[in-house]
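Asks: okay, sequence plus prediction incoming.
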Amino acid sequence: MLKLSSAVKIVSLVSVFAATSVFAIEQCTLASPKAAVNFCYQMNAWDIAAIQGNKMQYGPLYGCKQEAERGSIGHALCDEGGVTTKRVLASPEEALANCYSMGYWDIAAIQGNKKQFGPGYGCKQEVYTGGIGHALVKY
């Protein structure tokens, strides 16, 4: 049987571990529509991801279609030196906390049908309507 002091130490250790396993946030350049459709079969079957412009890339079981943004998204297809990768979008809270690491006038896609504006715009968040070239993603 654990003593109360041992149980407190275990809980504290778990809390410290959980706090250190937080993802870092970085900005990525969204993949072009052409690169995104070429990447489609590397996506999960039902994925939907932000891409450049005002469209989203749908995964293979959606027929790899690209359509105008109409709902909540959780991923982005990023162009990393000519290589397309799928990344998880930052949450609104993570994006706001990282606003001052963005370019002054940048606008980036984030989770949940939103976009994060850089410091030049007062770090505001608005509904994502596409037409942007960047995303805040986790790594």
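Replies: Here it is on my side, so go on. Here the structure is a predicted model, which means the values were calculated and not measured.

Asks: okay, and for the chain, where does confidence drop off?
Replies: Applying pLDDT under 70 to the chain flags residues 1-22, 130.

Asks: centre-most residue in the protein?
Replies: residue 89 (0.9 Å; C-alpha atoms, centre = their mean).

Asks: now do the same contact list for that one.
Replies: Applying C-beta atoms under 8 Å, 6 or more residues apart in numbering to residue 89 gives the contacts 50, 73, 74, 75, 76, 109, 110, 111, 135, 136, 137, 138. Using the backbone N, CA and C atoms, a C-beta is placed for each residue, glycine as well.

Asks: now do the contacts for the closest residue in space to it that isn't next to it in sequence.
Replies: Nearest residue to residue 89, sequence neighbours excluded (C-beta to C-beta, 6 or more residues apart in numbering): residue 111, at 4.3 Å. With contacts defined as C-beta under 8 Å, 6+ apart, residue 111 is in contact with 72, 73, 74, 88, 89, 90, 91, 92.

Asks: and these, which of them are in strands?
Replies: residue 88 (DSSP state E).

Asks: buried among the contacts of residue 111? Need that as a selection in ChimeraX.
Replies: Only the buried entries of the contacts of residue 111 go into this ChimeraX selection, using 16 or more other C-beta atoms under 10 Å:
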select :73,89,90,91,92
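
Asks: TSV for the contacts of residue 111, including distance to residue 30?
Replies: Shown next, in TSV, are the contacts of residue 111 (distance: C-beta to C-beta, whole Å):
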residue	distance to residue 30
72	17
73	11
74	14
88	14
89	11
90	14
91	18
92	18
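
Asks: and residue 94, what element?
Replies: helix 92-97 (DSSP states H and E).

Asks: likewise residue 35?
Replies: Here residue 35 is assigned to helix 33-39, by DSSP H and E.

Asks: swap in residue 49?
Replies: Assigned by DSSP H and E, residue 49 falls within strand 48-50.
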